[in-house]
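Visitor: quick one: sequence plus predicted model below, questions after.
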Protein chains: 2
Amino acid sequence: METTWLNTQDADFDAQLAALTAWSEERDAEVAERVQGILRDVAKRGDAALVEYTARFDRREVSAAADLVVGEDQLQAALARIPTEQREALEAAAARVRSYHEKQKQDSWSYREADGTLLGQQVTPLDRAGIYVPGGKAAYPSSVLMNALPAKVAGVNEIIMVSPAPGGELNDMVLAAAAIAGVDRFISVGGAQAVAALAYGTDTVPAVDKIVGPGNIYVAEAKRQVFGKVGIDMIAGPSEILVVCDGKTDPDWIAMDLFSQAEHDEEAQAILLCPDADYLKQVADAMETLAQTLEREAIIRTSMKNRGALIQVKDLDEAIDIANVIASEHLELSIDDAEAWAKKIRHAGAIFLGRHTPEALGDYCAGPNHVLPTSATARFSSPLGVYDFQKRSSLIGCSPEGASALAGIASPLARGESLTAHARSAEFRINKASDV
Amino acid sequence: METTWLNTQDADFDAQLAALTAWSEERDAEVAERVQGILRDVAKRGDAALVEYTARFDRREVSAAADLVVGEDQLQAALARIPTEQREALEAAAARVRSYHEKQKQDSWSYREADGTLLGQQVTPLDRAGIYVPGGKAAYPSSVLMNALPAKVAGVNEIIMVSPAPGGELNDMVLAAAAIAGVDRFISVGGAQAVAALAYGTDTVPAVDKIVGPGNIYVAEAKRQVFGKVGIDMIAGPSEILVVCDGKTDPDWIAMDLFSQAEHDEEAQAILLCPDADYLKQVADAMETLAQTLEREAIIRTSMKNRGALIQVKDLDEAIDIANVIASEHLELSIDDAEAWAKKIRHAGAIFLGRHTPEALGDYCAGPNHVLPTSATARFSSPLGVYDFQKRSSLIGCSPEGASALAGIASPLARGESLTAHARSAEFRINKASDV
């Protein structure tokens, strides 16, 4: 199988690695302009614009935006209709995802100082969250669970889900997942027009406080443009896996783990780091054999050729250093003592520990979220979580004594910044001798 | 004093309130284009571009970018040079801010399921954070503390601060604050070129993972454009205060509290809600009298006229409802039982409890951060905090038994999504009878 072979001993390895992992999301000026036009139009004309864009982009004629609403009865019908095995798997996955995310929930806290002054942080859920779920060919029910459940656990009052129905077709498993996750309102609309409706509100689509979920280039650009008006999660790049293996895992397992990422699309990135040159060859052989048995062989071959790599490292320490440089979305440590090694990882979206933890388990049902930072953004961002649907308000309650003492600090600082009203507002709270 | 008077009993009150609080940050296409040019140029030419833009925008000629670095000795010299009262105030403020933020620090956690599977979240600090601090006339040492200390508490390895020095002039209190906060590297450069240097790195300015801090329209636009390559905090709008008062606080205090926001700039917003019409008049009288005693009277009059308001409400319940609609950056509850009322607040950047807690104390030294969400973004975002400088990696470590059970859930879901490599990667981990 055609892919890139590297060795950390190569003189130009650092440059080769940088070139391999480089991903510049070049924003397309034409896309940006078209999206801006759609946003403005939906903001201005609401439902009427939504109906028109849906006809144009989803080849779907409806007489009114109300026809785009998918009722709770339709969600429940889909849940009843899908095969039992799938329903049970969705329910089991949802239970595990819910249980893990409950551990992320943050509570309000406060403390009182000796003089009676209260300081703290009040944590509240968002009022309303919008979830974008891609429709059509790449309809992923698991994404419904992963986006909706953290919002649900956070206590978001209303979860609005949008998903396009090209030609009017909806995916039963997506509807079933929405039923299980407890989505409050499902509107079958997609693209930049759906993002616009969530950001500005229309008669049919309520305006939300934050929009999360993956989408194509138009959806991503629309999210970027409405950022500020509403919150957004992240702008995702192509999916990535980095496997660190000591050469003792079944090569078939590692080959298939790499493929589970490569099969997503031609730009997905799958990289293996191993100190054992022979083992790398065994994995390459396994890849060649296994690829022929897979439906998505063509995609896999393209992504392994364009963006995949098998890299020989000096030892596991060096592998961990490289993992920290790559800051991969998914990092598999297919090695002994993976828990101990994981403590040396500074940057990764999710860390999969040991030979029995393939990324695919995390994608569906282990519990943690599968919406993860890509393109090295794990250097500064986190998996989607309950914390994305909660926000904090600082609490400050000064006792008269506390206020008086603090005003003595604030006043010279405010005057140093030439903000006299600040200074005098503080000074009003200084205890005069007459107050004592 | 000219300002807007409203009454919630007015038929069109909701529309009036919406018009009053509307703030659309219209992005200027020309600014966006100029910023894009600067970003590209600094990304390409590094230090040379930095030196040129500094000459052009800061009227400051240096022969090399190294001359822009402000050494630790200069920071310490400034700290020794400022008046004792100011130094002690800065140190006291820093100690309180540090102590409050330590409560925000999040720790890694994990738990083990009955079959031995480990799930958790590993929390790590950013490697490197960049802090933008405005220079020149509006140089705020308090902003140095508020931006740098959360990063320090988070355990960020290296804090890079940038701040312009127009005409070569630096503010001693800003330097002193940087010394106290423990800034690792201070480079006297500003504008979009400073943001570019932090995002892409130059020989003199190391590339960072996240850029925080306030700035003018060029800085804000630059942050928006580099978002994705690096993390950013928020794009701040004009500062706001909303005071809810029952009419029992000294009117002078409330007038000055409103001014402490209005004095920031002509677009700042100060609003008072009170059920007592007479009290509103008393505050208006106090405002007229006090304004004449303040240096920034002109700014105060303009901002009160353009964006300020005195609003008569039916009762405190209604005031709280309106506070939740406005979602103000600063919310003062100058009422009895403020702690109890605060529990009904769903959206606010910071809540100031009781008559002895003016916003100014929070701006400098109470402990919580003064970088807060503006323009109703408190609906979905939080004060700057330690959590902005930490990120999370999911931990998943399956035992052989756990993997086998989870694979049974993942496999039908993956096949339902037509992702066969995902399914087979999971299925490899199913225990065969032969393994038992």
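Guide: Sure thing, it's come through.
Visitor: show me the beta-bridge partners of whichever residue of the stretch 101-250 of chain A sits closest to chain B.
Guide: Proximity to chain B, evaluated over the stretch 101-250 of chain A using Cβ to the nearest Cβ, is greatest for A:Gly231 at 3.7 Å. No exception for glycine: its C-beta is placed from N, CA and C like everyone else's. Beta-bridge pairing of A:Gly231 under DSSP bridges involves A:Lys210.
Visitor: tell me how chain A divides into domains.
Guide: Per the record, chain A has its domains at A:4-21+A:237-366, A:29-108+A:124-235, A:398-428, by the TED database.
Visitor: end-to-end on the second one?
Guide: What that stands for is domain A:29-108+A:124-235. 17 Å (Cα to Cα, to the nearest Å).
Visitor: my guess is the residue of the stretch 101-250 of chain A closest to chain B contacts A:Ala199. True?
Guide: No - using Cβ atoms under 8 Å as the test, A:Gly231 is too far from A:Ala199 to be in contact (10.2 Å).
Visitor: what touches both of those two?
Guide: A:Ile211 (Cβ atoms under 8 Å, 6 or more residues apart in numbering or on different chains).
Visitor: contacts for the strand or helix carrying A:Ile38?
Guide: If you go by DSSP states H and E, A:Ile38 is part of helix A:29-45. Helix A:29-45 is contacted from outside by A:49-50, A:53, A:191-193, A:195-197, A:199-200, A:202, A:217-218, A:221-222, A:225-226, using Cβ under 8 Å, 6+ apart.
Visitor: name the SS class of A:Tyr418, please.
Guide: Actually, residue A:418 is Ser. It isn't Tyr. coil (DSSP: H, G, I helix; E, B strand; the rest coil).
Visitor: which bits of the stretch 151-300 of chain A sit near chain B?
Guide: Within the stretch 151-300 of chain A, the positions adjacent to chain B are A:173, A:209-210, A:227-228, A:230-231, A:235, A:250, A:252-253, A:256-257, A:259-260, A:262-264, A:290, A:294-296, A:300 by Cβ under 8 Å from any Cβ of the partner chain.
Visitor: can you flag the buried ones in these?
Guide: Neighbour-count burial (16 or more other Cβ atoms under 10 Å in any protein chain shown) applied to these gives A:173, A:209-210, A:227-228, A:230-231, A:235, A:252-253, A:256-257, A:259-260, A:262-264, A:290, A:294, A:296, A:300.
Visitor: re earlier: next helix or strand past the helix holding A:Ile38?
Guide: helix A:47-58.
Visitor: give me the buried positions along stretch A:202-212.
Guide: Neighbour-count burial for stretch A:202-212, counted by 16+ other Cβ under 10 Å, picks out A:202, A:204-212.
Visitor: need the distance between the two termini of that stretch.
Guide: For stretch A:202-212, the end-to-end distance is 18 Å (Cα to Cα).
Visitor: show me how far it is from its chain's centre.
Guide: With Cα atoms, centre = their mean, to the nearest Å as the basis, stretch A:202-212 stands 19 Å off its chain's centre.
Visitor: and stretch A:240-256, by the same measure?
Guide: 25 Å.
Visitor: before we move on, what about stretch A:104-123?
Guide: For stretch A:104-123, the distance to the chain centre is 29 Å (Cα atoms, centre = their mean).
Visitor: and stretch A:160-167, by the same measure?
Guide: Using Cα atoms, centre = their mean, the offset of stretch A:160-167 from its chain centre is 19 Å.
Visitor: run through who's touching it.
Guide: Counting by Cβ under 8 Å, 6+ apart, residues outside stretch A:160-167 touching it are A:54, A:57-60, A:128-136, A:139, A:144, A:148, A:170, A:174, A:178, A:183-191, A:194, A:197-198, A:205-206, A:208.
Visitor: list the buried residues in it.
Guide: For stretch A:160-167, the neighbour count (16+ other Cβ under 10 Å) marks A:160-166 as buried.
Visitor: so for stretch A:49-60, what gets flagged as buried?
Guide: Quick answer for stretch A:49-60 (16+ other Cβ under 10 Å): A:49-51, A:53-54, A:57-58, A:60.
Visitor: relative to chain B, which of the residues you listed is nearest.
Guide: A:Ala49 (19.2 Å).
Visitor: ok, now which ones touch that closest one?
Guide: With Cβ under 8 Å, 6+ apart, A:Ala49 has these contacts: A:38, A:41-42, A:193.
Visitor: isn't A:Leu273 right next to A:Ala323, touching?
Guide: Yes - at 7.2 Å, A:Leu273 counts as touching A:Ala323 under the criterion of Cβ under 8 Å.
Visitor: overlap in contacts of those two?
Guide: With Cβ under 8 Å, 6+ apart, A:Leu273 and A:Ala323 have common neighbours A:242, A:244.
Visitor: before we move on, back to that, could you dump the buried residues of stretch A:160-167 to JSON lines with distance to A:His422?
Guide: Output for the buried residues of stretch A:160-167, formatted as JSON lines (distance: Cβ to Cβ, whole Å):
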{"residue": "A:Ile160", "distance to A:His422": "41"}
{"residue": "A:Met161", "distance to A:His422": "45"}
{"residue": "A:Val162", "distance to A:His422": "45"}
{"residue": "A:Ser163", "distance to A:His422": "49"}
{"residue": "A:Pro164", "distance to A:His422": "51"}
{"residue": "A:Ala165", "distance to A:His422": "55"}
{"residue": "A:Pro166", "distance to A:His422": "57"}
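Visitor: next, count neighbours for A:Ser24.
Guide: 9 (other Cβ atoms under 10 Å in any protein chain shown).
Visitor: quickly find the element holding it.
Guide: Per DSSP H and E, there is no helix or strand for A:Ser24.
Visitor: how much space between it and B:Phe259?
Guide: Separation of A:Ser24 from B:Phe259 (Cβ to Cβ, to the nearest Å) stands at 48 Å.
Visitor: do the same with A:Gln390
Guide: Per Cβ to Cβ, A:Gln390 is found 33 Å from B:Phe259.
Visitor: repeat for A:Ala286
Guide: From A:Ala286 to B:Phe259 the distance is 72 Å (Cβ to Cβ).
Visitor: just A:Ala255 next, same as before
Guide: As judged by Cβ to Cβ, A:Ala255 and B:Phe259 stand 69 Å apart.
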